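K.L.:
Need a 3D model of the sequence below.
(chains A and B)
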Number of protein chains: 2
Amino acid sequence: MGINVRVLLILLLLGIGLIFYIGARTSPIIVFVFSICIISFLFSIYLTKWVLAKDEGPPEMVQISDAIRDGAEGFFRTQYGTISKMAFLLALVIFCIYMFRSTTPQQEASAQLALPSPIIMGWRVRLWVQDPGVTSAYITVAAFLLGALCSGIAGYVGMWVSVRANVRVSSAARRSAREALQIAVRAGAFSAMVVVGMAVIGIAILYSTFYVWLGVDLPGSMKVTDLPLLLVGYGFGASFVALFAQLGGGIFTKAADVGADLVGKVEQGIPEDDPRNPAVIADLVGDNVGDCAARGADLFESIAAEIISAMILGGTMAQRCKIEGKYYPSGFILFPLVVHSFDLVISSVGILSIRGTRDSGSKSPIEDPMAILQKGYSVTIVLAVLTFGLSTRWLLYTERAPSAWFNFALCGLVGIIMAYAFVWITKYYTDYKHEPVRTLALSSSTGHGTNIIAGVSLGLESTALPVLVISIAIVSSFWLGQTSGLVDEDGNPTGGLFGTAVATMGMLSTAAYVLTMDMFGPIADNAGGIVEMSQQPESVREITDLLDAVGNTTKATTKGFAIGSAGLASFLLFSAYMDEVAAFAREPFKQVDIAIPEVFVGGLLGSMLIYLFSSWACSAVGRTAQEVVNEVRRQFIERPGIMDYKEKPDYGRCVAIVASAALREMIKPGVLAIVSPIAVGLLFRILGYYTGHPLLGAKVVASMLMFGTVSGILMALFLNTAGGAWDNAKKYIETGALGGKGSDCHKAAVTGDTVGDPFKDTAGPSLHVLIKMLATITLVMAPVFL
Amino acid sequence: MGINVRVLLILLLLGIGLIFYIGARTSPIIVFVFSICIISFLFSIYLTKWVLAKDEGPPEMVQISDAIRDGAEGFFRTQYGTISKMAFLLALVIFCIYMFRSTTPQQEASAQLALPSPIIMGWRVRLWVQDPGVTSAYITVAAFLLGALCSGIAGYVGMWVSVRANVRVSSAARRSAREALQIAVRAGAFSAMVVVGMAVIGIAILYSTFYVWLGVDLPGSMKVTDLPLLLVGYGFGASFVALFAQLGGGIFTKAADVGADLVGKVEQGIPEDDPRNPAVIADLVGDNVGDCAARGADLFESIAAEIISAMILGGTMAQRCKIEGKYYPSGFILFPLVVHSFDLVISSVGILSIRGTRDSGSKSPIEDPMAILQKGYSVTIVLAVLTFGLSTRWLLYTERAPSAWFNFALCGLVGIIMAYAFVWITKYYTDYKHEPVRTLALSSSTGHGTNIIAGVSLGLESTALPVLVISIAIVSSFWLGQTSGLVDEDGNPTGGLFGTAVATMGMLSTAAYVLTMDMFGPIADNAGGIVEMSQQPESVREITDLLDAVGNTTKATTKGFAIGSAGLASFLLFSAYMDEVAAFAREPFKQVDIAIPEVFVGGLLGSMLIYLFSSWACSAVGRTAQEVVNEVRRQFIERPGIMDYKEKPDYGRCVAIVASAALREMIKPGVLAIVSPIAVGLLFRILGYYTGHPLLGAKVVASMLMFGTVSGILMALFLNTAGGAWDNAKKYIETGALGGKGSDCHKAAVTGDTVGDPFKDTAGPSLHVLIKMLATITLVMAPVFL
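P.N.:
Next up, the predicted model:
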């Protein structure tokens, strides 16, 4: 890059100075949040330096790693090019919608949007247009673009480190399992810290900028409790990018994987990641763009959406309870940011607790890496309970309800316990140490058909316990909040929803550590691929295989964690939407009555959206995989020397095929997800207008959101668990059970694994994003439905 | 039987005389309904005589047919023995619940249940206990048991005729395709007439008995508009039996089918229905108990539940609009019974329009049986439009809203069009003449895995259009009803829900003909099996194969039809439940607000119930099929002579294994479906009691019902369509496409077919029943949740 580093540094320092200045004018809490985020960015720079200082191993490894890096970065550039074009287009649409809205008489009368002239550093600045609608359009679009940009950075960072760490892990695996584990963990931790930190600091910057700019809390200006509603654009921007990142990445990784397996493993009988397979580099590239980049964007948007909705609910509650004073309303609103600041701190401690021991004889009996990771997790969880209690006491204590903070601390505990329960349930259904996967493996012995039937039933059954856990968590945290002693003017208890919000925060209070464990998986997987392709000795392969297996489990549990938090948050986001509609419409919007036929129809359509989206995501993988199969078959026929290592396969062609197919295929489901809630809302708004039902559009969208969320949670649980279980049933048979590798039973299990691939890595994770995107899109588009 | 036929005849005539007497005292409409039902019973007796007069063919056919009959009747006896035990147990529970309820002060004060002493033939009869709670308990339990009994008879009749007609169809196939078709159609028509006729006459008898017994409309007695609420027990009895019949039958038929295919087709490479396969008789028995008996019970309960809910809504509306006069309130209530009476008439015409032509050269070019069946359907549809208009003009014309009947006629048209649309959509997704199944077949060429992925995506995608059609139908029929001019005392339009009810009736107005086409399928399938097993010449097999293929399509379209009507009716049943709760609680119950956390949790649990139920239904088939596989493998090993036709396989053992497994496996999902809504309702009732939320239990159950219905519709559509598409993709390849029989592509397609079997014939159809059973159980148990 041609820019002078020194100039950049000065600009950076100036920027930091500016945000601290703005933060200081907003609230000391914001200053605290900024400080923690800056420190954790410094910590993540330390982690990268540590990882990059490791050696890259012999040239044959470097060569493979370079090929992976080129493929991943090439795809990333094209993909994000497409996504950013769409984002700008959508930004334009949003701008027009908000501008258009501003011409309606209601909005001009609306007090909330009558923003004052901005005040920057004590000077009142006149905007070129003083129309409140225009200001609101600026704010929403700016937040949207910032959210999209940050999400893009989060994805890029995840991939950037993973394509550099993979070869270093492979190289370290030649020396010691522990060192390899540590590199993979720290590389994962780097992107986890950046993702979480950026979500937090982005929201904090937006919040304080708006606070200062709009002169919040000055006489005649907007109230601080209404401020979080302006942030929804950020969440939507993040969801928007995450949806396409997850779809494109998910289709890429699984199409390459399925295609490579179908010809390589099934037809030719060569092992996974064999250098003779022309699709193997595409498969390894897929791990990076699908699992690293996409998961980074996914978790980024999860955290952002959940923070924003909790802030909205906190603001609404503070307003209803008339909590006044220097700290208190801000305390309720900024609580989620503080929780995630502590998350950064305690996760760092957890990560550092995983140490490279005395590094003795490298090939000594290998310690169970899962145990090491879980020890770190336990450390983090214990700290989370402590810091969570601390945060509630600090920010949620009010004299009007002196014991409220304790109730909210208990809500947080509910969330933390729920996180644990989810991890346990996912393990039970996907780990071959337990009954379900063993039964699944056994059913493979009677053929492909019974294997699929058993896997589908397992997946469907696995939805039951998580739903029970979510149900208990929602009801109990709502009850804890309701009995917290916070009451509105009429003496009605009002803390219920905020209690659920706090439980969600509790569940996410170890997000950075969980994300670290998740990012660890694809890095280990890639390292294994590099080891196999560079034909390292068996003992090295053993180490990376072990890490890979652990990575599979952590990946599955993270998905459980993500869907659990989405389940808990869904109710939150839904309530935030209702608050938003009430604020816009300036009339109470408290009920979504499914006994109204249009509202019921909205629910039907919402559930249907989930099915259609899942269908298109799965069939995209199927179609692309067929292209890969045909290409790989062609190469094997046209270059017979490949099988004897005499000819090199054309890896690049497979990468190119998958990349262009993934870009093409991600559009249809993505556009479906974005267009359908808007279309349904508009349609029923018009219908409501002509049949004299006010707010009909908003109600139908609410019901669509709610039914869609419930169906989405169930469908994602089904897809993730079935996929994970098939994968591990195959792995269980590969350990030698029921005939072992190459038996008919194994072949049936491979079929299950192939089917599970798009389930668990394309459709399932995309549904996580979809659920939250539905919520954020309805939040942003709410004015359109009124 | 030792009973004198003459005595029986006299008793029958006396009974008919009695019901006509009671009917005459109730309403001339009831007399009309009775007359039509009696005539159609006579018509169905004519049809049986016609079918039974046909020859049974050579002894080898008779022998096979006898084995099938013995197996089917044996299983039926055991199964219904178990079901009736459970029914009596449940009746006892219901009785206790209603008795227990009667001790609460509200109910004693409740005017509605303070029934007067019954008046029979003008004499006032004193009951031994004059407590209103006890009367209500008697009524509900009696209705429940009658519903259960009628459902059992409906199932038995379906099976009785099919095990007798199959061999006659096989025999006729040796002579002419047309004759074989006609026998199968008339046999199907016999059970269709009995099933529909019994649903109608059962409800009519109950209605008029209660009417006379309780002295309805006499001063101080209950109003006729409240009468339909007393019938819900009948619907629940029917649903209860249908659920277990469908589960047991579905598990039986598909476990036998999958087991037989996995060893016979896949491992040994012998054709379907080959006499050497030890599981082949079990498979043929399964077609009778699963497809005939269970489908009869299923459609019986569909019609019963939908008639009753439409009657409840008609009653509520008539009451709200204060429609008075000799005919009018009864007209609205009895409308569904009249629609189905006409259904019997027009379907008979449609059936008779399928004639055995000149019966020329039997082996002349075969006419397309599908075209013949569809011609009959077109005749029926045209007549349905006419008679529907007639019925609305006759019964729904009131002077207060002179054009209302026309709006309702249009609602009926919406329903009829919807039925057509559903049949078309199902055909599009499951017939190999269209794109989707061809794409699915193509995806089999890249292996088992891609076949399954493509089938799952196809199934998920196929939910979209039906949901759109249901949505449009609900909104438009509601709107037509709302603008019909019927208003309540305050001038608010009230006809909306009744409009939806009329649309459902419109959809079901050709039920008897559709059921005939459905019943035709398994009879043809069985006939094909008998032809194959008795080793008839190829030309005979060709004819039955053709009939079998048509049967597959009609089976699939009937399922589409069933789920469409369930979808439309779901909203109806839900509203009936709300009316019921309002009537019991004596306070308005108009809203189910999903913004309340407990209500949302109810929705989560309802959706989850669908997943868990589907899981258990599928895994039951998987498990039982594994038992069959092991038994068949054992027989092939222990009796090596089987393959050379030297030894006879032990068919009986397979039948016994499947029968006992089906009985065992049907309990778990069945009990889940019955217990969970009751448990959830009770739990939240108690929770609501302690947290001061009145009606919480009822609200949570309403939401559970609603979300469960939506999920159930989608899941059933997915399972049915995916299963049907896999089946036909395999059939398409068997026509010689993509490599034809025996190719790798065909093997992959067989895997898909195996997976689809429990989807489309066990879990899917059981979900139809489950959806409606959820509605009827909540209707009956409503007092428990208050």
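K.L.:
Which residues are in contact with A:F332?
P.N.:
By CB atoms under 8 Å, 6 or more residues apart in numbering or on different chains, the residues touching A:F332 are A:G314, A:G315, A:M317, A:A318, A:I323, A:L395, A:L396, A:F498. Backbone N, C-alpha and C define where each C-beta goes, glycine included.
K.L.:
Could you report the distance from the fourth one to A:K590?
P.N.:
It stands for A:A318. Separation of A:A318 from A:K590 (CB to CB, to the nearest Å) stands at 18 Å.
K.L.:
which of those two has more neighbours?
P.N.:
The neighbour comparison of A:A318 against A:K590 (other CB atoms under 10 Å in any protein chain shown) goes to A:A318, with 24 against 10.
K.L.:
Counting neighbours, what do you get for the spatially closest residue to A:A625 that is not a sequence neighbour?
P.N.:
Leaving aside its sequence neighbours, A:A625 sits nearest to A:V258 (CB to CB, 6 or more residues apart in numbering or on different chains; 4.0 Å). Neighbour count for A:V258, taken as other CB under 10 Å: 31.
K.L.:
and if you look at the one 4 residues further on?
P.N.:
A:L262 is surrounded by 26 other residues when neighbours are defined as other CB under 10 Å.
K.L.:
same deal with A:F574?
P.N.:
Neighbour tally, A:F574, other CB under 10 Å: 24.
K.L.:
check contacts around A:E665.
P.N.:
Taking CB under 8 Å, 6+ apart as the test, what A:E665 contacts is A:L247, A:I251, A:A620, A:R623, A:T624.
K.L.:
try 7 Å this time
P.N.:
A:I251, A:A620, A:R623, A:T624 (CB atoms under 7 Å, 6 or more residues apart in numbering or on different chains).
K.L.:
Just the closest of the residues you listed to A:A282, please.
P.N.:
A:T624 (10.4 Å; CB to CB).
K.L.:
which non-adjacent residue is nearest that closest one?
P.N.:
Here the residue nearest A:T624, using CB to CB, 6+ apart, is A:A255, at 3.4 Å.
K.L.:
Check A:E267 too.
P.N.:
Closest residue in space to A:E267, ignoring its immediate chain neighbours: A:R633 at 7.7 Å, by CB to CB, 6+ apart.
K.L.:
Quick check on the residue nearest to A:T624: phi, psi?
P.N.:
phi -60, psi -40 (degrees, to the nearest 10).
K.L.:
Might you report the residue contacts of it?
P.N.:
With CB under 7 Å, 6+ apart, A:A255 has these contacts: A:V621, A:T624, A:A625, A:V628, A:V658, A:A661, A:A662.
K.L.:
in chain A, which spans are strands?
P.N.:
Under the criterion DSSP state E, strands of chain A are mapped to A:119-120, A:123-124.
K.L.:
weakest of those in terms of mean pLDDT?
P.N.:
Lowest mean pLDDT of the strands of chain A: strand A:123-124, a mean of 44.
K.L.:
quick one: least confident helix or strand in chain A?
P.N.:
Of all the helices and strands that make up chain A, helix A:105-109 has the lowest average by mean pLDDT, DSSP states H and E, namely a mean of 39.
K.L.:
Let me know the average pLDDT across stretch A:555-565.
P.N.:
Here the average pLDDT along stretch A:555-565 is 82.
K.L.:
Grab the two from the contacts of A:E665 that are most spread out in space.
P.N.:
A:I251 and A:R623 (9.3 Å).
K.L.:
State the distance from A:F718 to A:P28.
P.N.:
In terms of CB to CB, A:F718 sits 46 Å off from A:P28.
K.L.:
These two: who's more crowded?
P.N.:
Neighbour count, other CB under 10 Å: between A:F718 and A:P28, A:F718 has more, with 25 against 13.
K.L.:
May I see the buried residues of stretch A:636-648?
P.N.:
A:F636, A:I642 (16 or more other CB atoms under 10 Å in any protein chain shown).
K.L.:
gap between the two ends of stretch A:20-34?
P.N.:
7 Å (CA to CA, to the nearest Å).
K.L.:
rewinding a little: ok, the residue nearest to A:E267 - how many residues close by?
P.N.:
A:R633 has 17 nearby residues by other CB under 10 Å.
K.L.:
Please apply the same query to A:L149.
P.N.:
17.
K.L.:
Likewise for the one 10 residues further on?
P.N.:
A count of neighbours around A:M159, defined by other CB under 10 Å, yields 30.
K.L.:
Now it: closest residue in space that isn't a chain neighbour?
P.N.:
A:M159 sits nearest to A:A293 (CB to CB, 6+ apart), 4.0 Å away.
K.L.:
Name all residues that make contact with that neighbour.
P.N.:
A:F76, A:G155, A:Y156, A:G158, A:M159, A:A245, A:G249.
K.L.:
does the longest helix seen in chain A come close to chain B?
P.N.:
Criterion DSSP state H: the longest helix present in chain A is helix A:538-585. Yes - shown here: helix A:538-585 in contact with chain B (CB under 7 Å from any CB of the partner chain) through A:F571, A:S575, A:M578.
K.L.:
Might one say that the second one is in contact with A:L497?
P.N.:
Think A:S575. Yes - using CB atoms under 7 Å, A:S575 is in contact with A:L497, at 5.1 Å.
K.L.:
neighbour count winner among these two?
P.N.:
The residue with more neighbours, out of A:S575 and A:L497, is A:L497; 27 against 22, by other CB under 10 Å.
K.L.:
correct me, but the more buried one touches A:G315?
P.N.:
No - with contact defined as CB under 7 Å, A:L497 does not count as touching A:G315 (11.7 Å).
K.L.:
quick one: the helices in the stretch 301-450 of chain A?
P.N.:
Using DSSP state H, counting those that start in this stretch, the helices of the stretch 301-450 of chain A run over residues A:328-352, A:369-395, A:404-430, A:435-443, A:448-461.
K.L.:
Tell me the buried residues in the first one?
P.N.:
Taking 16+ other CB under 10 Å as the neighbour-count basis, helix A:328-352 is seen to contain the buried residues A:328-348, A:350-351.
K.L.:
Kindly calculate the angle that it makes with helix A:404-430.
P.N.:
Orientation check (axes from the mean of the first three to the mean of the last three CA atoms, to 10 degrees): helix A:328-352 against helix A:404-430 gives 40 degrees.
K.L.:
same thing with the shortest one?
P.N.:
Between helix A:435-443 and helix A:404-430, the angle comes out at 20 degrees (the same axes, to 10 degrees).
K.L.:
List of residues touching helix A:435-443?
P.N.:
So helix A:435-443 is contacted by A:428-432, A:450-451, A:454-455, A:458, A:725, A:728-729, A:732-733, A:737-738, A:749, B:622, B:626 (CB under 7 Å, 6+ apart).
K.L.:
What distance do you get for the residue in the stretch 151-300 of chain A that chain B sits nearest to to A:G235?
P.N.:
The minimum distance from the stretch 151-300 of chain A to chain B, using CB to the nearest CB, falls at A:L262 (5.2 Å). A:L262 is 39 Å from A:G235, where distance means CB to CB.
K.L.:
same thing with A:A662?
P.N.:
For A:A662, the distance to A:G235 - CB to CB - is 25 Å.
K.L.:
What is the end-to-end distance of stretch A:218-238?
P.N.:
Stretch A:218-238 end-to-end distance (CA to CA) = 31 Å.
K.L.:
could you give the mean pLDDT of that stretch?
P.N.:
Stretch A:218-238 comes out at a mean pLDDT of 81.
K.L.:
And that stretch, what's buried?
P.N.:
A:222, A:224-238.
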